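Engineer: Build me a model from this:
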Amino acid sequence: MAVVPGTPAVPPELRFDAGRICLDLLATFHPHERLGSAELLRAWITGSGLVPRETRLEHADARWAAQFRELRAVVMPLVDAQLAGRPAHEPALVRLNHLARPSPPAPHAVRAADGSLVRALDGRPECVALVGAVARDAVELLTDPVALAALRRCAGDNCPLVYVDTSRGRRRRWCSSEVCGNRERVARHRRRAALART
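Structural biologist: Coordinates of the predicted model:
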C-alpha cells in the first residue's frame, strides 16, 4: 500500500499496546501530554487503526485534540473505578454514553492499484464519529466481564497506565516489557550490584 503524501508518520512515543483502543487513548497522557496538537492527534488516529493509514486528516484541528482529551478524561475515572471495585462515576458514565452515540465511520472495500482489496472510509471522517468509535470501545470494555477480569494497572514504579492482560497465564506485569519492564530489570540489577559491593 502506498502512503499518501500528508499521511502522518506515527511518532515512536505513541503507544498502542494496551489491548483496547480506549486504553491506548488513556496512555496518551503519560509521562507527558501526547495529544497536545492536531498533528499528534492525526498520528494517533492513524496509528490506532481508527482510520486506514492512507486516510487524509488535514481537517483535524486543535478542536479535535480537545475532544479526544475530553473523552480520555471521561474514560479514566470509569476505568479507575472498575480497577478499585467502586461504582462507576455517574456523570462520567452519562457523558461516555452520550459520546458513544454517533455512528463510527463506515468502512468499505476498494481496489488498490495492485488489484487487492483495501479498507477505506465512505467519506471524510469527522471528529464526532471517531470519538464515538473510541467511546463505544470503552462501553464495550466496561460492560464485558471477561475483558474487565483481565484489566490490569502497570506494576512499574510511578506508571499509571492500564492494559488488558491477554498473556498466557495472565502473568503480564507491565504496560510494556520494553518500557516499564526494562526499567524494573535495570533497577533490580542495580540493587543486586549495590548489595554485592557491600
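
Engineer: ok now do the most centrally placed residue in the chain, which residues does it touch?
Structural biologist: Centroid-nearest residue in the chain: D24, 1.5 Å away (criterion: CA atoms, centre = their mean). Taking CB atoms under 8 Å, 6 or more residues apart in numbering, we find D24 in contact with R15, F16, D17, A18, S48. For the C-beta atoms, the positions are set from N, CA and C on the backbone; glycine is no exception.

Engineer: go on, R101?
Structural biologist: G132.

Engineer: how close does it get to P11?
Structural biologist: For R101, the distance to P11 equals 31 Å [CB to CB, to the nearest Å].

Engineer: quick one: the helices in this structure?
Structural biologist: Per DSSP state H, the chain carries helices over the ranges 21-26, 38-48, 62-84, 90-99, 127-142, 145-149, 182-197.

Engineer: so where's this structure uncertain?
Structural biologist: Within the chain, the set of residues satisfying pLDDT under 70 comprises 1-9, 181, 186-189.

Engineer: Go again with 80.
Structural biologist: Applying pLDDT under 80 to the chain picks out residues 1-12, 177-179, 181-198.

Engineer: Can you report how many residues neighbour A112?
Structural biologist: The number of residues packed around A112, counting by other CB atoms under 10 Å, is 13.

Engineer: Please verify my assumption that it contacts V118.
Structural biologist: Yes - counting by CB atoms under 8 Å, V118 is a contact partner of A112 at 4.7 Å.

Engineer: Pull the contacting residues for P125.
Structural biologist: P125 sits next to L50, V51, T55, L57, P105 when contact means CB under 8 Å, 6+ apart.

Engineer: Count the neighbours of the spatially closest residue to C22 that is not a sequence neighbour for me.
Structural biologist: Leaving aside its sequence neighbours, C22 sits nearest to A138 (CB to CB, 6 or more residues apart in numbering; 3.9 Å). Counted with other CB under 10 Å, residues neighbouring A138 total 26.
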